[in-house]
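S.K.: let's see this in three dimensions:
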Amino acid sequence: MNYYKILEVQETATDDEIKRAYRRLALQHHPDKNKNADSETFKQIQEAYETLSDPHKKKAYDGGSTISNPFDFHFNSFFGPHSSTTRCANFNHVINVGLKDVYFGTTKRIKVKRDVMCKQCLEKCSGCNGVGEITLKFNMGPLVQMIQQPCVNCNTRGFNKLKNGCDECNDRGKIQQEKLIEIDIYRGVEQGKTYTFPEWGQQPTKQNELPGDLIVALNIETDVNFVRHDLNLVYTINLSLRESIVGKNVIIPLFNGDLHLHTKGFGIVNPNKTYIVFKRGLQNKDGKMGDLHLKFIVQYPDKSFNDIELNLISTTFDQIGLL
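M.R.: Numbers count the residues shown, from 1 in each chain. Next up, the predicted model:
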């Protein structure tokens, strides 16, 4: 209900203009003066004048309120308004990348969409100023009472439809927008890294709402060869008992090329020890290098030895100085 329209005056009308308009319309629609007058219209004229002629009520109404009987509605707040600005929900999206992408760094591109209100066929509700509810403000002695009421003019939507058959949105009331966004996967990026794209989340439907954001989270998938510990890469090698002693040529499939090494450089391999190849792990965007950590699993033979074999092994150990 627009009180200015009821009194047929502009929102910038002075007190005298409002008073003159009320007197003219009251005479025109008063049931005692006009037998064909509509009593409901006369009540609206009276209500509009009572609001716009009172400075306090008019100020509350101009702030997005329609004044009525405060005891007809449940009030939500006694000391302050409820309809403050709120942010719409964020949209969350997860993208998967491989450890190889983390090793070299890359750029991922994804297409995102959002639905925004069509400005061609929708307009902000004048009754509630687009917030979906009206705030009633009353002075009660030293206190100010705030009462919230759903806006019946727009059915709490905050907007009204201007026309049907809109060519801009095909009468949906919303227009879909698309955008190709780029995700910078820098070298050594952390698991769970998030990227924020402002205002590409849930879109407002009311005047006091702000768009949500799009939050893209990074998931680094499990690699078939390596386990990541910060900037370090862990690689596991299987050896037989013989190979753990005499050594074995090993090829490690690093992302930038195979690394060839012989385990005899480590001596007799201890399966409880981690061997480090420095500066062969991941590199971060600041140039810091991680290491390659080698772990060994020694497979012992499922075999029992006779006395002759045990003596031979013992003699050999004595000869080479193994305890």
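S.K.: strands of the stretch 151-300 of the chain, residue ranges please.
M.R.: Assigned by DSSP state E, counting those that start in this stretch, the stretch 151-300 of the chain shows strands spanning 159-161, 174-185, 194-197, 209-210, 214-220, 226-229, 232-240, 249-254, 257-262, 275-277, 292-299.
S.K.: now find how far off-centre the third one is within its chain.
M.R.: Average the C-alpha atoms of strand 194-197, do the same for its chain, and the two points are 8 Å apart (Cα atoms, centre = their mean, to the nearest Å).
S.K.: please name every helix or strand in contact with it.
M.R.: Contacts defined by 3 or more Cβ pairs under 8 Å, 6 or more residues apart in numbering; DSSP states H and E place strand 194-197 against strand 174-185, strand 214-220. C-beta coordinates here come from the backbone N, C-alpha and C atoms, glycine included.
S.K.: these two touch, right, residue 38 and residue 29?
M.R.: Yes: counting by Cβ atoms under 8 Å, residue 38 does reach residue 29; the two are 6.8 Å apart.
S.K.: ok, these two, which is more surrounded?
M.R.: Between residue 38 and residue 29, counted using other Cβ atoms under 10 Å, residue 29 has the larger neighbour count: 20 against 11.
S.K.: how about the helices of this structure, start to end?
M.R.: 3-6, 15-29, 39-52, 55-62, 99-104, 241-246, 307-320 (DSSP state H).
S.K.: now these in a markdown table, with mean pLDDT and distance to residue 196?
M.R.: Formatted as a markdown table, these follow (pLDDT from 0 to 100; distance: least, Cβ to Cβ, whole Å):
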| stretch | mean pLDDT | distance to residue 196 |
| --- | --- | --- |
| helix 3-6 | 88 | 43 |
| helix 15-29 | 84 | 49 |
| helix 39-52 | 83 | 44 |
| helix 55-62 | 73 | 37 |
| helix 99-104 | 97 | 20 |
| helix 241-246 | 93 | 50 |
| helix 307-320 | 89 | 63 |
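S.K.: out of these, which gets nearest to residue 201?
M.R.: Minimum separation from residue 201 across the helices of the chain (Cβ to Cβ) falls at helix 99-104, 25.7 Å.
S.K.: gap between the two ends of stretch 182-202?
M.R.: End-to-end span of stretch 182-202 (Cα to Cα, to the nearest Å): 20 Å.
S.K.: which of the strands of the stretch 151-300 of the chain comes out lowest on mean pLDDT?
M.R.: Lowest mean pLDDT of the strands of the stretch 151-300 of the chain: strand 159-161, a mean of 76.
S.K.: now it: buried residues?
M.R.: The neighbour-count check on strand 159-161 (16 or more other Cβ atoms under 10 Å) flags 159, 160 as buried.
S.K.: name the residues that touch that strand?
M.R.: With contact meaning Cβ atoms under 8 Å, 6 or more residues apart in numbering, strand 159-161 is reached by 117, 121, 122, 123, 124, 125, 130, 153, 154, 173, 205, 206.
S.K.: and the residues you listed, which of them are buried?
M.R.: Buried by 16+ other Cβ under 10 Å: 117, 121, 122, 124, 125, 130, 153, 154, 173, 205, 206, out of these.
S.K.: any idea which of the residues you listed is least confident?
M.R.: Within the set of the buried ones among the contacts of strand 159-161, pLDDT is lowest for residue 206 (73).
S.K.: grab the nearest non-local neighbour of it.
M.R.: Once flanking residues are discounted, residue 206 sits nearest to residue 158: 3.5 Å by Cβ to Cβ, 6 or more residues apart in numbering.
S.K.: outline the domain layout of this structure.
M.R.: Listed by automatic domain parsing, the domain ranges of the chain are 1-53, 226-320.
S.K.: just so I know, which of those domains lies nearest residue 94?
M.R.: Smallest distance to residue 94 across the domains of the chain (Cβ to Cβ): 18.0 Å, for domain 226-320.
S.K.: and the closest one, how far from the chain's centre?
M.R.: The chain centroid and the centroid of domain 226-320 are separated by 46 Å under Cα atoms, centre = their mean.
S.K.: ok, back up a step: pick the most deeply packed of the helices and strands packed on strand 194-197.
M.R.: Sort the helices and strands packed on strand 194-197 by mean neighbour count, taking mean count of other Cβ atoms under 10 Å, and strand 214-220 sits at the top with a mean of 17.
S.K.: got the angle between that strand and strand 174-185?
M.R.: 40 degrees (axes from the mean of the first three to the mean of the last three Cα atoms, to 10 degrees).
S.K.: distance between strand 214-220 and the chain's centre?
M.R.: 10 Å.
S.K.: cool, and stretch 9-27?
M.R.: Stretch 9-27 sits 49 Å away from the centroid of its parent chain (Cα atoms, centre = their mean).
S.K.: wait, residue 25 touches residue 45, no?
M.R.: Yes: proximity of residue 25 to residue 45 meets the contact threshold set by Cβ under 8 Å, at 5.1 Å.
S.K.: next, the distance between the ends of stretch 254-272.
M.R.: OK, stretch 254-272 end separation, Cα to Cα: 23 Å.
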